[in-house]
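>>> Output the structure for:
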Amino acid sequence: MRECLARITIIYGKNNHSLQLNKRTSKIDIVRALNSINTVAKNANNNYINAFSDNGYFIVFNGDEIVTCFRPDENKKKAFDYFKRKSIYDKKEVIKWRIVNLI
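Got it, this is the predicted structure:
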């Protein structure tokens, strides 16, 4: 796990969240979210990649860097709806079949 955390790169900029990623979400939850990604899609507003995990986390990637990782809502259905609103959902890639239960 320590090796995985060493590879997580976090970027900051004017459009990113104000809290550091590790203060918004614990490192163990970030690793769990990365290990349970089930759907990815291009971000609706730019060239980032959005991902949704089995445990309800919304992750935004810029290449191999994590821009943000958070749980938009405790309810996984509402969190998945957030993912669909923020993504070009028609061009999604389902990695695991369990996501079908939320559609």
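
>>> helix/strand/coil for the nearest residue to P72 once chain neighbours are set aside?
Leaving aside its sequence neighbours, P72 sits nearest to Y82 (CB to CB, 6 or more residues apart in numbering; 4.1 Å). Heads up, the C-betas are built off the backbone N, CA and C, glycines and all. When classified by DSSP: H, G, I helix; E, B strand; the rest coil, Y82 comes out as helix.

>>> Y82 - how many residues pack around it?
Neighbour count of Y82, defined by other CB atoms under 10 Å: 18.

>>> do T25 as well
20.

>>> if I read this right, it contacts F70, doesn't it?
Yes: between T25 and F70 a contact is recorded at 5.8 Å, counting by CB atoms under 8 Å.

>>> what do these two both touch?
Residues touching both T25 and F70 (CB atoms under 8 Å, 6 or more residues apart in numbering) are Y57.

>>> now the strands for this protein?
Using DSSP state E, the strands assigned to the chain run over residues 37-42, 49-53, 58-62, 65-70, 93-94.

>>> who wins for proximity to K76 among these?
strand 49-53 (9.1 Å; CB to CB).

>>> Show residues contacting that closest one.
Strand 49-53 has contacts (CB under 8 Å, 6+ apart) with 32-34, 36-43, 58-62, 79-80, 83, 86-87, 99.

>>> what pairs with that strand, and is each one parallel or antiparallel?
Using DSSP bridges, strand 49-53 pairs in its sheet with strand 37-42 (antiparallel), strand 58-62 (antiparallel).

>>> wait, which of the ones you listed is closest to E93?
Checking these against E93 by CB to CB gives strand 37-42 as the closest, at 5.1 Å.

>>> buried residues in that closest one?
Residues of strand 37-42 classed as buried under the neighbour-count rule (16 or more other CB atoms under 10 Å) are I37, N38, T39, V40, A41, K42.

>>> for stretch 45-65, same thing?
Per 16+ other CB under 10 Å, stretch 45-65 contains these buried residues: 48-54, 56-62.

>>> Would you check which pair of the residues you listed lies furthest apart?
D54 and N62 (22.6 Å).
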